[in-house]
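Colleague: all I have is the shape, not the residue letters:
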Ligand code: PMP
């Protein structure tokens with residue numbers, strides 16, 4: 001065999017859609033952060049300390065013993081009925097289990113939503129900034145993605161009304177948003193739902209972090225207030241484990257059946273075995289015992305990061321927020337410092353973060369950065385924030 005580059009070209013022609021699939025700037029940057037010895041605030045991973053391994057070991061044994069043949073068989077695209085019932089029962093508004101579609105992570109929910117609702121050049125509204133994985137899921141459908149101005153309380157309602165146009169939907173993360181960690185206030189939720197109704201604007205609400213609150217639960221979801229106008233996406237990744245690849249969506253009847261057809265074409269169904277495991281683990285109110293342990297751990301880690309920032313960033317013009325839940329903290333560097341340019345210097349000092357620019361649909365704020373506080377230990381957080389402060393201090397301003 002000749003080496004690949006000496007073979008005659010077999011004439012692959014890539015689709016225009018494939019051209020829209022670009023490697024995220026973050027993934028490329030993260031490669032440099034994976035070197036040994038780097039304290040990384042860059043990842044988007046939950047802490048593996050929170051994965052309930054023992055509960056899954058017991059569930060595996062039970063599912064294989066009692067239901068092994070069905071668990072290993074093909075199954076319905078909508079999902080395993082007892083899991084759909086468990087999801088409906090977990091949600092804080094009245095949901096018929098028939099409305100619940102089990103997805104292969106909420107990331108698949110985003111892909112299915114894009115396939116069913118977005119044509120080439122369709123207008124899609126997002127927060128500023130927003131979840132990069134959603135921008136990636138929407139991109140192959142070739143939409144016009146419009147970033148709506150957003151502040152600490154959530155989307156700017158006046159800007160939303162101004163720029164609604166003929167948008168297919170607004171994609172919104174009201175709780176402990178990725179990347180900013182911010183939470184939409186009760187007042188803003190009411191105003192958003194009222195405006196969405198007036199403008200007949202559908203909402204796609206993504207809520208993988210809502211259960212990870214630290215002091216008090218966040219206000220009720222948008223879907224609870226406006227179910228007929230909202231597709232709601234949820235996930236087991238942050239409350240159980242992401243390797244299961246299980247999430248769910250709740251959709252109004254007008255779109256639900258098409259989402260099931262899109263799901264069927266994508267992967268027939270999410271893994272039957274994993275669905276049974278989760279249904280088994282969820283029995284007897286497991287989440288009510290388990291999720292508080294995640295909250296306690298993450299709150300402690302957030303506090304460690306806030307303390308380290310207050311201690312180390314003295315005299316530096318760095319601004320940061322104090323997230324009330326979730327996994328991420330958002331910061332803004334002093335004027336003249338570009339986070340992407342700072343990253344290699346920070347890595348040289350042994351610490352990594354994600355530059356914020358990748359999370360913007362429109363013009364990016366290059367001074368922003370995202371810090372995950374959940375996978376590093378308290379000691380690593382202290383050392384990593386000190387290294388970041390030293391990097392900012394030595395940074396030559398242009
Ligand atoms: N939405 C948001 C906002 C996320 O942060 C993530 C995970 N990083 C996802 C969706 C996808 O999660 P999963 O597919 O694991 O449910």
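Modeller: Arrived safely. Note that the coordinates shown come from a computational prediction; the quantities given were computed from them, not determined experimentally.

Colleague: for this structure, give the residue positioned nearest to the ligand.
Modeller: Of all residues in the chain, the one sitting closest to the ligand is residue 105 (2.5 Å; Cβ to the nearest ligand atom). In this view, the C-beta of every residue, glycine as well, is placed from N, C-alpha and C.

Colleague: and that residue, what's its pLDDT?
Modeller: Confidence at residue 105, expressed as pLDDT, is 98.

Colleague: likewise the one 3 residues further on?
Modeller: According to the prediction, residue 108 has pLDDT 98.

Colleague: for it, what are its contacts?
Modeller: 247, 263, 266-267, 270 (Cβ atoms under 8 Å, 6 or more residues apart in numbering).

Colleague: neighbours of the residue of the chain closest to the ligand, just the number please.
Modeller: 22 (other Cβ atoms under 10 Å).

Colleague: quick one, phi/psi of it?
Modeller: Main-chain torsions, residue 105, degrees, to the nearest 10: phi 80, psi 160.

Colleague: surely it touches residue 237?
Modeller: Yes: look at residue 105 against residue 237 with Cβ atoms under 8 Å: they come within range, at 6.3 Å.

Colleague: what touches both of these two?
Modeller: 245-247.

Colleague: I'd say residue 328 and residue 182 touch.
Modeller: No: Residue 328 is not in contact with residue 182 according to Cβ under 8 Å; the separation is 9.5 Å.

Colleague: who in the stretch 251-398 of the chain is up against the ligand?
Modeller: For the stretch 251-398 of the chain, no residues are found near the ligand under the criterion Cβ under 6 Å from any ligand atom.

Colleague: where does the stretch 251-398 of the chain dip in pLDDT?
Modeller: 396-398 (pLDDT under 70).

Colleague: mind listing the helices for the protein?
Modeller: 16-19, 25-33, 53-71, 81-90, 105-117, 132-138, 157-163, 186-199, 222-225, 253-267, 272-282, 286-312, 339-348, 378-394 (DSSP state H).

Colleague: mind putting those into TSV with distance to residue 177?
Modeller: Listed next are the helices of the chain as TSV, based on distance: least, Cβ to Cβ, whole Å:
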stretch	distance to residue 177
helix 16-19	28
helix 25-33	16
helix 53-71	29
helix 81-90	21
helix 105-117	14
helix 132-138	11
helix 157-163	16
helix 186-199	12
helix 222-225	13
helix 253-267	24
helix 272-282	25
helix 286-312	15
helix 339-348	18
helix 378-394	21
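
Colleague: grab the nearest non-local neighbour of residue 165.
Modeller: What sits nearest to residue 165 in space, not counting adjacent residues and going by Cβ to Cβ, 6 or more residues apart in numbering, is residue 123, at 5.1 Å.

Colleague: surely that neighbour is in contact with residue 142?
Modeller: No: Residue 123 lies out of contact with residue 142 (Cβ under 8 Å); the separation is 11.8 Å.

Colleague: in stretch 324-336, what counts as buried?
Modeller: Buried residues in stretch 324-336, counted by 16 or more other Cβ atoms under 10 Å: 324-333.

Colleague: let me know the pLDDT of residue 29.
Modeller: 69.

Colleague: what touches both of residue 328 and residue 182?
Modeller: residue 176.

Colleague: on that earlier part again, which of the helices of the chain sits closest to residue 367?
Modeller: Nearest to residue 367, of all the helices of the chain, is helix 339-348, at 6.3 Å by Cβ to Cβ.

Colleague: can you list the domains in the chain?
Modeller: Using automatic domain parsing, the domain ranges for the chain come out as 3-51+288-394, 75-286.

Colleague: hey, which of those is tucked in deepest?
Modeller: domain 75-286 (a mean of 20; mean count of other Cβ atoms under 10 Å).

Colleague: now the shared contacts of residue 105 and residue 237 as a markdown table including pLDDT?
Modeller: As requested, the shared contacts of residue 105 and residue 237 are exported to a markdown table (pLDDT from 0 to 100):
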| residue | pLDDT |
| --- | --- |
| 245 | 98 |
| 246 | 98 |
| 247 | 98 |
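
Colleague: give me the subset of those residues lying in strands.
Modeller: Those of those mapping onto strands are residue 247, per DSSP state E.

Colleague: out of the shared contacts of residue 105 and residue 237, who's near the ligand?
Modeller: Okay, of those touching the ligand (Cβ under 6 Å from any ligand atom), that's residue 247.

Colleague: coming back round to it: residue contacts, the residue of the chain closest to the ligand?
Modeller: 235, 237, 242, 245-247.

Colleague: looking at these, spot the one nearest residue 276.
Modeller: For the contacts of residue 105, the nearest to residue 276 is residue 246 (10.8 Å; Cβ to Cβ).

Colleague: separation between the closest one and residue 208?
Modeller: Separation of residue 246 from residue 208 (Cβ to Cβ, to the nearest Å): 12 Å.

Colleague: intersection of neighbour lists for these two?
Modeller: 235, 237.

Colleague: excluding its backbone neighbours, what's nearest residue 47?
Modeller: That would be residue 374: by Cβ to Cβ, 6+ apart, it lies 4.8 Å from residue 47.

Colleague: on that earlier part again, select, out of the domains of the chain, the one closest to residue 63.
Modeller: domain 75-286 (4.7 Å).

Colleague: near the ligand, which residues of the stretch 51-200 of the chain? Just list them.
Modeller: Residues of the stretch 51-200 of the chain found near the ligand (Cβ under 6 Å from any ligand atom) are 105-107, 131, 133, 173, 178.

Colleague: apart from its chain neighbours, what residue comes closest to residue 219?
Modeller: Nearest one to residue 219, counting by Cβ to Cβ, 6+ apart, is residue 186 at 4.2 Å.

Colleague: from the contacts of residue 108, which is closest to residue 292?
Modeller: Among the contacts of residue 108, and counting by Cβ to Cβ, the member closest to residue 292 is residue 247, at 21.5 Å.

Colleague: bridging residues for that closest one?
Modeller: For residue 247, the beta-bridge assignment (DSSP bridges) gives partners residue 103, residue 235.
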